Each structure stands twice: as structure tokens, then as C-alpha cells.
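Visitor: here you go, sequence then predicted model.
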Amino acid sequence: MFFRIFVTLSVVVSAIPALAETNWSQFRGPNGLGHSEASGLPQKWDASNVLWKTHLKGSGQSSAVNWGDRIFITSASDDGSERYVMGISATDGSIVWEKTIKSGNPEDAHAMNSRATPSCATDGEHVVAFFGPAGIHCFDLDGEKQWSVDLGIFAGSWGIAASPVIYKDTVIQNCDSMGVSRLVALSLKDGSVVWDTPREEKPRGGWSTPILIDLDGRKEMVLNGEFGVRGYDPDSGKELWFCKGFNGRGAPVPDYADGKLYVVNGKPGDTYCVKPGGEGDVTATHMLWHASRKGGRDLPSPAVVDGHLFITSMSAIASCYDAATGEVHYVERLADKIGGAKGLEIAAAPLVVDGLIYLQTVNGGDVIVVRPGRELEVVSVNSLGESAKGETFRATVAPIGGKLFLRSGGTLYCVGG
């Protein structure tokens, strides 16, 4: 089921462990924003730094999350009739447990999506996995089923991608679809509905994951969507405010920095900066700036680093703005910067660590490390080796225990050194 690759590194690796979050507990980390507190993670690597790789049953696009030495990840059979939740050792990649969930009515999924795209969420006691019409399921850390809930049919041909978020004693799930759309909170104890809030985002599927932000001493839950970005009370589910967006397809998760939200939708259209808070439609009062974006469609999430807002398109066009004003610093093709590579695509949300942005390419899983600034600076381009060249990577890179975990459709890689 798995094998380990032992390597002799030609570099000296510090004996001091990387400083980081204790656990990368949900999609894009504890705060859901993809910003890691780690230091000392690899910035340059090649195939010799692959410590192990594990072949996964089925395929999927969920990202690795962890609690302690246990990694949790999902997958699905080719026809969607079975979904898999796995607990994997972060030490050697061995599969500690694997659970199968049957699905009698698999959803349609776009060719760029999968039937196991949402990442798990864990709080150290529960592991929650969401599969759209195949339900939301809770396990303990040893893989024992705690409860399952049917959340509906999720109409549409796009599939789902929104990951669950654990808040206090609830798990909150975005249930947008081309039919009935809603935001739901379930009890972690037994899966019972705590609150259920209707949403208006019916034209598109549910791809965006909510984020929790601190605002004036209280928590707000922010969720992007087809028509714009909305703020909710995570305790009651009440919609607090709405800021209208530009041109739809609200997949990218907003970034939050210096008390401001940075938002972009998946179709071509302006990127914009929003002051959270307020009541009702705050478009006229809380949108601080918006700026033209000429970077194509199907964008990964934006990232703000050191006062710079960085955005890439699926076609690997990089745009950078002044985060305070929206002034455009550059719009460049990454392929031109790294030697004219053809067919470069980026789908995964970025990882931000040590002031650098990690961007994983779809074909082959190369990771481009960029330093944001007024000019485009590529720090490194890193490969997993020839064996990964035929694989497709749409999951987000996860920093766990001083190492990087990269997931293709059917393989989980551990990179160190």
C-alpha cells in the first residue's frame, strides 16, 4: 500500500525543528487562510528530498490535515459509489485506518473537480469529512464512526469543494449548489442541526470554504459566493452583512490582513478590498477599493504578504497590488519568469510561510516559490521528480511537523530537508 524512500541528503539540515502550528487542523490551516507560522520549512527541494510517498485508494483533491502524528485525507472511487476517509502516519506514510462510505446516487463533477475535494477538519477528538450528496461524516481519531448526516442532493454539474470548519462544539458546512443553497451548523456531539441559514448563491456550486475572523472582540464567519462576500454570526447563523462582488463564481477563499478582507471571484472581474462588519448591504460603505484584474478565470485564493496582494489565475498569470490602495504593481506570466514553460496551470490555493508564497502546478506538482513585492521574484522552482510528471495536483500544500505534504489525485508525498 505504501513504500518509503530513504535518501542521503547532500545538504546540512539544522537539528532545530521548524517552528509551526501544533496542528494543521483544517483546509488551509487553523485560521483557514493558508498562512503558516512555520519557520525553517523547505524552500528548495528535488526528488532526493521526498522522504516517503503513499499511494491512496481511489482519487481526490482534498488536502492533508493533521492532529499530532496522524494525517487525515479523503478519496473516492472513479464512479463515486464509494468514498474513503483515511488516517495516515505522518512519520512513514503507513495507512493506519481506512473507512469506506457508500454512495447510492453520486453527484456529477466537473472534469477539473473530484468527488473527494473537501478537506477534513479535526479538533483532536473528531474528524469530519464532507462528500456533498454522500453526506457529512464524523469519526474519532482512531476511525470509529460517531455519526453521519444527509445534507441533500447538491444539484448541478460542477460538484462540491467546500470544506467543513469546526467552531466551538459545532461543525459549519457551506452547502451552496445550483439548487437549494444554505450554510449549516451541526453539533459535533451527534450531528444534530444547530442552525440552518438560507443563501442566495444558487447559480453555482458550493466551492468556497468559510473563514473565521476576529473583529472588535467578536467572531465573524466570512463566506465568498456567486454574488459577493457575506459575513455571518457563527453562533446563530444570522447573516450580518453583504458586499457585492464582480462577475460571479465565488470559489476563492478571501484573505484577511490588517483588519481588511481581500476578495476575488472566479470569473474575470475586479479584485476588491472590504472592511468587514456593518449591517445589511455594505457595498457602498465598506468596499475600500477595487481594481481591474486581467488574469483569466478559475483563480486560486488571493494572498496578502507584507502589504502586497498577490493573485494568480489558473493559467498562471500573476498579478500583484498594493494592499492598501489597489495600485497595480505588475501582471506577468509565471511561465515567462521561469524559462518559458508551456501549459503551466495553477489550481491549488497558495501556502504562505516565512514571507514567501508557495504555488503548486497542476501538471506534475512542481512548486513555484515567490517573494511578493513591487516586482515578481521567483525564489525557486521545485520538483518531485519524474515519477510525478504524469500526476495531477489540485490540493493545497500542507506544512505539518516541519515538512511539506503534497497530494496528487492518488498519491500523498512527504517532503523534508
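Guide: Nice, thanks for sending it over.

Visitor: in the protein, which ranges drop under the pLDDT threshold?
Guide: 1-20, 203-206, 295, 297, 340-341 (pLDDT under 70).

Visitor: residues in contact with residue 390?
Guide: Applying CB atoms under 8 Å, 6 or more residues apart in numbering, we find residue 390 in contact with residue 364. C-beta: built from backbone N, CA, C; applies to glycine.

Visitor: now with 10 Å, please.
Guide: 363, 364, 408 (CB atoms under 10 Å, 6 or more residues apart in numbering).

Visitor: going along the chain, name the helices of the protein.
Guide: 283-286, 334-337 (DSSP state H).

Visitor: what's the most buried one of the ones you listed?
Guide: helix 334-337 (a mean of 17; mean count of other CB atoms under 10 Å).

Visitor: follow-up on the earlier one: would you turn the helices of the chain into CSV with distance to residue 313?
Guide: Shown next, in CSV, are the helices of the chain (distance: least, CB to CB, whole Å):
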stretch, distance to residue 313
helix 283-286, 25
helix 334-337, 10
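
Visitor: for the contacts of residue 390, pick the one with the most neighbours.
Guide: With neighbours taken as other CB atoms under 10 Å, the top of the contacts of residue 390 is residue 408, carrying 25 neighbours.

Visitor: so it makes contact with residue 59?
Guide: Yes: counting by CB atoms under 10 Å, residue 408 sits close enough to residue 59 to count as a contact (8.5 Å).

Visitor: overlap of the contact sets of those two?
Guide: In contact with both residue 408 and residue 59: 391, 392, using CB under 10 Å, 6+ apart.

Visitor: quick check, residue 338 in contact with residue 368.
Guide: Yes: using CB under 10 Å, residue 338 is in contact with residue 368, at 6.6 Å.

Visitor: ok, these two, which is more surrounded?
Guide: residue 368 (25 against 16).

Visitor: can you name the residues bridging to that one?
Guide: residue 359, residue 381 (DSSP bridges).

Visitor: over to residue 287?
Guide: The partner residues for residue 287, given DSSP bridges, come to residue 274.

Visitor: what's the overlap in contacts for residue 338 and residue 368?
Guide: What both residue 338 and residue 368 touch, as defined by CB under 10 Å, 6+ apart, is the set 316, 344, 361, 378, 380, 381.

Visitor: ChimeraX command for the buried members of those?
Guide: In ChimeraX, a selection of the buried entries from those looks like this (16 or more other CB atoms under 10 Å):
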select :316,344,361,381
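
Visitor: relative to residue 354, which of the shared contacts of residue 338 and residue 368 is nearest.
Guide: residue 380 (12.5 Å; CB to CB).

Visitor: tell me the contacts of that closest one?
Guide: 42, 43, 44, 45, 338, 356, 358, 367, 368, 369, 370.

Visitor: residue 30 too?
Guide: Contacts of residue 30 by CB under 10 Å, 6+ apart are 21, 22, 23, 24, 36, 37, 65, 166, 212.

Visitor: any chance of the backbone angles for it?
Guide: Backbone torsions of residue 30, given as degrees, to the nearest 10, read phi -60, psi -30.

Visitor: quick check: it vs residue 121, distance?
Guide: 10 Å (CB to CB, to the nearest Å).

Visitor: residues of stretch 119-135 that come out buried?
Guide: 119-123, 126-135.

Visitor: rewinding a little: got any residues that touch both of residue 30 and residue 121?
Guide: Going by CB under 10 Å, 6+ apart, residues that sit against residue 30 and also against residue 121 are 65, 166.

Visitor: quick revisit: in TSV: the shared contacts of residue 338 and residue 368, plus distance to residue 277.
Guide: Converted to TSV, the shared contacts of residue 338 and residue 368 look like this (distance: CB to CB, whole Å):
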residue	distance to residue 277
316	35
344	39
361	37
378	37
380	39
381	41
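
Visitor: pretty sure residue 90 is touching residue 399, no?
Guide: No: proximity of residue 90 to residue 399 does not meet the contact threshold set by CB under 10 Å, at 11.6 Å.

Visitor: mutual contacts of these two, please.
Guide: With CB under 10 Å, 6+ apart, residue 90 and residue 399 have common neighbours 64, 66, 405.

Visitor: can you lay out those as TSV showing neighbour count and distance to residue 192?
Guide: TSV is the format used below for those (neighbours: other CB atoms under 10 Å; distance: CB to CB, whole Å):
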residue	neighbour count	distance to residue 192
64	25	29
66	24	27
405	25	33
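
Visitor: closest to residue 86 out of these?
Guide: residue 64 (10.2 Å).

Visitor: what sits against that closest one?
Guide: 24, 71-73, 88, 90, 119-120, 395-400, 404-407, 412-414.

Visitor: show me the contacts for residue 370.
Guide: Contacts of residue 370 (CB under 10 Å, 6+ apart): 303, 305, 310, 312, 318, 320, 334, 337, 350, 356-359, 376-380.

Visitor: same check, this time on residue 392
Guide: 59, 61, 112, 114, 345, 347, 361-365, 408-410.

Visitor: of these, which is the most crowded?
Guide: residue 61 (27 neighbours).

Visitor: and the gap between it and residue 254?
Guide: Distance from residue 61 to residue 254, by CB to CB: 20 Å.

Visitor: ok, back up a step: between residue 90 and residue 399, tell me which one has more neighbours.
Guide: Between residue 90 and residue 399, counted using other CB under 10 Å, residue 399 has the larger neighbour count: 24 against 19.

Visitor: who is that one paired with across the strands?
Guide: Here residue 399, judged by DSSP bridges, has bridge partners residue 404.

Visitor: quick check: it touching residue 414?
Guide: No: contact criterion CB under 10 Å: residue 399 and residue 414 do not qualify, at 11.4 Å.

Visitor: between the two, what contacts are shared?
Guide: Shared contacts of residue 399 and residue 414, counting by CB under 10 Å, 6+ apart, come down to 64, 405.
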